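Enquirer: coords please:
(2 chains)
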Amino acid sequence: MSHVFAFHGGVHPPENKRQSTRTPIRQAPLPERLVLPLSQHIGAPAEPRVQVGDRVLKGQRIAEPVGRISAALHAPTSGIVTAIGPHPIPHASGMEADCIIIDSDGDDRWIEHAGLADFRALGKAALTDYIRNSGVTGMGGAGFPTDVKLHLGDDHIVNTLIINAAECEPYITADDMLMRERASDIVAGIEIIDYLLKPSHILIGIEDNKPQAVKALEKALKGCTLNIDIRVVPTKYPSGGEKQLIKLLTDVEVPSGHIPADVGIVCQNIGTAYATARAVHQGEPLISRIVTMTGEAVAQPQNFEALIGTPYSLLLRAARVDTGSLFRLVVGGPMMGFTVDNDQIPVIKTTNCLIAASPDEMPEAPPAQECIRCGLCEQVCPAELLPQQLYWFAKGRELDKARHHNLFDCIECGACSYVCSSAIPLVQYYRNAKAEIRSDEAEQRKAEHARQRFEARQARLEAEQAEKEARRKARAEAAARNQAARKDKSVAAAPASTAVQAPAGEPDLKQLKTAASVARTKLKQAQKALKNAEDKGLDGVDALRATVQALNIKADAAQQAYDQALNAQSDASAAPDAKQLKTNAAVARTKLKQAEKALASARETGGDDIGALESRVRELELRANDAQKAYDAADAGSAGTQAPDPAKLAQLKADMDAAQAKVDKAQAALESAIASGSPAVEKMTAGVEKLRGKYLEARAAHEAACTPAAAPATSPAKLAELKADMDAAQAKVDKAQAALENAIASGSPAVEKMTAGVEKLRGKYLEARAVHEAACTPAAAPATSPAKLAELKADMDAAQAKADKAQAALDSAIASGSPAVEKMTAGVEKLRGKYLDAKTAYEAAGGTCSDVPQSDTPADADAEKPVDLKALKQQVSIMRTKLKKAEKALQDADAGERDALAHEVQDLNERLNSARAELQSAEQVRIEAAAAAGVDLKQLQIDAAMARAEVTKTERALGTADSTSATDLEQTLLQARSRADELSKTLSRFE
Amino acid sequence: MSAVIIAILVLLGLAVVFGIVLGFASVRFKVEGNPIVDQIDALLPQTQCGQCGYPGCRPYAEAIAGGDTINKCPPGGQSTIEALADLLDVEAIPLDDEHGEEKPRSVAYIREDECIGCTKCIQACPVDAILGAAKQMHTVITSECTGCDLCVEPCPVDCIDMIPIETTLNTWKWPAPKPGIELIATDAGRGSVQQGGIA
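Expert: Now for the predicted structure:
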């Protein structure tokens, strides 16, 4: 026996160990249902590797360790996994945790397993992995995974291995019995640990209340080559505490907040050594352990080798529990264990003792009294703390102070509570204070984390905001730069454009107009300033006047230039446009009126520039007159060609009819008056005469209206009538001619007479024909239909045929020496003349035969063009719609119809394309036509739209304006309107 | 008489010297920011919930440093009030009900079947604890959620629940002992003796 040191404090509670050491370790009965918590150790819960319903064999791994600090789990017996879910576990909270529940099949059949023949052949890492996979954890109480501790040799210098066999807590005899019965296995386990950690010496710490175990160990160690010392230490609670045992055996104190390995010491429990040996040598994973079943409530307190997962109830029954005297069930020792309420909670790897206590054995705790500062707790504290101070701090929630008094060095051994004379549950306070501090720390960490995230988010949002702001600024700057650039360009471009346009010789109307209006505006401003100056009698009136004069000249010049350009353009356009001229005239009139008004006001105010104004008025008057004249001329010209309004005609006719009716009535009245011998006959006669005169006037007017129109407007019915007359006449002539020929042929004496008749008839026919032709001719030119042309041609042909026939008859008459030859010759001549007439008529109607198609086509094209464009557009859109529909149908259609539809779509597509091409070409023609006239059609359209908008705007402004500004606005409106009209006029020319 | 004058002059001189030293120190060792604000901020629960009426915990910390009352933080509860009272050396006062009650810690939970992916809760979350995108289902990163509640209001379909955090084995705390009971298990005779004594 070597020297043993001592640790501070400690207590000597009643041992109560003898009850459970009377009988050897007994195999616990095989439970029907085993509950295996996934977390029986410190560290991460294991991950199940079996499914519900899986059949498992004894020793089969059913859960894998997750992460560095974790342990595997094995099936303690063969059976079926019936559930994986929450189940009460041995925990002070009494809460549930995930467990694998196995229903035993009773066979207890092992999976194939074998130990390692020579564990030294395996590398250290492989061996620790092997141990890890065997699920070995610390059997002392905390359940720290053994393999982690066995790795400690890698980064620590381990001088001493301490095997903890102290088992200081009362009641517990599991390690004692294990040592007594299975010492050789324990030594084998120590050898394995020694191989892995390579300590310089090994100490087995064992309390002096286990002499049999010491003996058994000494026996087992005989022949062992390892440097193993058994150190028997005095019985004192808590000598089995890791740090206390180290102090006892080596006099080394483990610093606060460090682990023993930091001072070159590793501690392993004796049970762990045994489990390691079983795993390595027999290949049996940790599936069972020795559990002390004791307490006054059981008839046979003893140690069981129980499978992990065995419910407490089974062990209680096996130890013949007296449920009547069972007051509480304590898991672990009486000092550090906890009470459980549920006897279905299973034995786990760290369960070393179950105490079924009677009420006398472990009564309710007495009521706590005030601390009397006796100081006993301080004297027994193995960690050399100040328990009463900690108590004060814990009770007063001064957790920081408790912490500073090394609360976390407390091993919760319960010695202080045990000795407390006031029965204060000190350990409870410490446990609670520790938990509070831990949760506060966790919360603090979380709050710090949240604060960082919050600040990061704030920063991010601010950055986004700043970025947005920067972008916005950049955009604004870019826009400003662009605008400046544009302004520069336009300034540069203005002279350039005039330079370009001047040599081109094409006066830009718009520009000129703008120039004119700018000049006008300037003039107005100057005038206003002048007036103002005059009113107030300021100096510099002369200078202003001169300016006004100069501006006036400039404005006039600009206006003239514009007018000239305008005139030139309107001259350039093929025909004088009546509307344009009218607008011009109206504008001129307006201007004139303005000028007159200005003149009048000038006269009233006695201004000096009356002369200038007068000259301007005169000039404007001239211009207005010119414009009016031009318009009138154009109007007259167009009136001559234009067809009078049918409405007007009808009116005239109605007038005429009314006049006739009046005349008739008056006549009737006159007659009745004459009949009755009235004295008013003379007067009435005069009235009738007057009415008749009126009637005649109306009729003349009607006829005058009709006459120019007659030609184009003669109704087809009238034409048909005339034609019928003509035809009848011709028929008569023909008949007469035939009769004449007959007579000539038969040498009849009536030939002369007949010839005269024929001549007469022919004259009539010619008359009818003339009328008919007169009716037809004027209409023919614009409206000759091909049918009519054909008719005329037929007439012509017929006439020619007749002429030919007559010639033939004449020839034969000459041949036969007929006396009527001369006459016949004359007839032939006439017929030929007729033929020529017909030909002329035909030519007048349709031109020469060869000319007909040429003259027709352009006319038709011109007439149809506007219609055409619209129609083409429609055509295109219809095609598009059809195509779309067809395509949709194609999409929806099934395979059978698809081909046909695809074909249709293609067809439609082609048609659409052709229609589009047509439209484009038509439009191209139009645009080209416009371009040929020196106008950009699109620009023109836009201008027209703008002008219209201007008109509407001004109208609206006028509506809301007061009387003073109204006149100004009216003028503006007039100008805008004229401009809009002008533009739409120009536009309509090209569309 | 001259002694009095000398004393006055000496004291005056000392005053001038110390004044200069202190003035220099106050410039040279000037502390940036207000350290008390940081200390207060560290005590606040950092839920950033705004129940105190300030946009976040730090603004409230600044307000407290500026003289505001310390009982406006429901998530912190009485313990925070006490900590603040301790720090500021003022009287601990009960929580102001106006700003809410102390509730158990909770986390937001999005019923994902009902989420329409509007991202409104994402914008509301002060700690970016909600994951999702427009028209995509959102979910709460539980470990980052402070339980501030701010996402509940903006949700147009009310699919966010505040679920109290359940105690797990890892978060379970030993309860504080009730005074007067519970003794370690082996106090067999002593308890009865004491009880008898009392009785």
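
Enquirer: alpha carbons only for contacts and neighbour counts from here, please
Expert: Noted.

Enquirer: please enumerate the helices of chain B.
Expert: Assigned by DSSP state H, chain B shows helices spanning B:2-28, B:35-43, B:57-65, B:77-88, B:120-124, B:188-198.

Enquirer: among those, which comes closest to chain A?
Expert: Taking C-alpha to the nearest C-alpha, helix B:188-198 is the member of those nearest to chain A, at 5.2 Å.

Enquirer: now do that closest one, average pLDDT.
Expert: Here helix B:188-198 scores 40 as its mean pLDDT.

Enquirer: reformat the helices of chain B as TSV; add mean neighbour count.
Expert: As requested, the helices of chain B are exported to TSV (neighbours: other C-alpha atoms under 10 Å in any protein chain shown):
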stretch	mean neighbour count
helix B:2-28	11
helix B:35-43	18
helix B:57-65	21
helix B:77-88	18
helix B:120-124	19
helix B:188-198	14
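
Enquirer: that's a strand at residue A:354, yeah?
Expert: Yes - judged by DSSP: H, G, I helix; E, B strand; the rest coil, residue A:354 forms part of a strand.

Enquirer: wait, doesn't it sit right on residue A:334?
Expert: No - under the criterion of C-alpha atoms under 8 Å, residue A:354 makes no contact with residue A:334, lying 9.5 Å away.

Enquirer: the more surrounded of the two?
Expert: Taking other C-alpha atoms under 10 Å in any protein chain shown, residue A:354 and residue A:334 do not tie; residue A:354 has more neighbours (27 against 24).

Enquirer: that one and chain B: what is the separation?
Expert: 13 Å (C-alpha to the nearest C-alpha, to the nearest Å).

Enquirer: and if you look at residue A:899?
Expert: 40 Å.

Enquirer: please identify the helix or strand for that residue.
Expert: helix A:895-932 (DSSP states H and E).

Enquirer: show the contacting residues for the residue nearest to residue A:67 when sequence neighbours are not counted.
Expert: Using C-alpha to C-alpha, 6 or more residues apart in numbering or on different chains and skipping the chain neighbours, the partner closest in space to residue A:67 is residue A:44 (6.9 Å). Applying C-alpha atoms under 8 Å, 6 or more residues apart in numbering or on different chains, we find residue A:44 in contact with A:65, A:66, A:67, A:69, A:70.

Enquirer: go with 7 Å
Expert: By C-alpha atoms under 7 Å, 6 or more residues apart in numbering or on different chains, the residues touching residue A:44 are A:66, A:67, A:69, A:70.

Enquirer: could you look up the SS state of it?
Expert: Assignment for residue A:44 (three-state DSSP): coil.

Enquirer: quick one: pLDDT of it?
Expert: For residue A:44, the model assigns a pLDDT of 90.

Enquirer: tell me the SS of residue A:232?
Expert: strand.

Enquirer: look at it and say how many residues are nearby.
Expert: 23.

Enquirer: just the one 4 residues further on next, same as before
Expert: Each residue near residue A:236 was counted by other C-alpha under 10 Å, and the total is 20.

Enquirer: residue A:970 and chain B, how far apart?
Expert: Applying C-alpha to the nearest C-alpha to residue A:970 and chain B gives a distance of 57 Å.

Enquirer: where does that residue sit, in terms of helix or strand?
Expert: helix A:963-990.

Enquirer: check contacts around residue B:126.
Expert: Contacts of residue B:126 by C-alpha under 7 Å, 6+ apart are A:454, B:48.

Enquirer: where are the low-confidence patches of chain B?
Expert: Across chain B, the ranges flagged by pLDDT under 70 are B:179-199.

Enquirer: can you name the residue of the stretch 151-300 of chain A nearest chain B?
Expert: Nearest residue of the stretch 151-300 of chain A to chain B, counting by C-alpha to the nearest C-alpha: residue A:170, 8.7 Å away.
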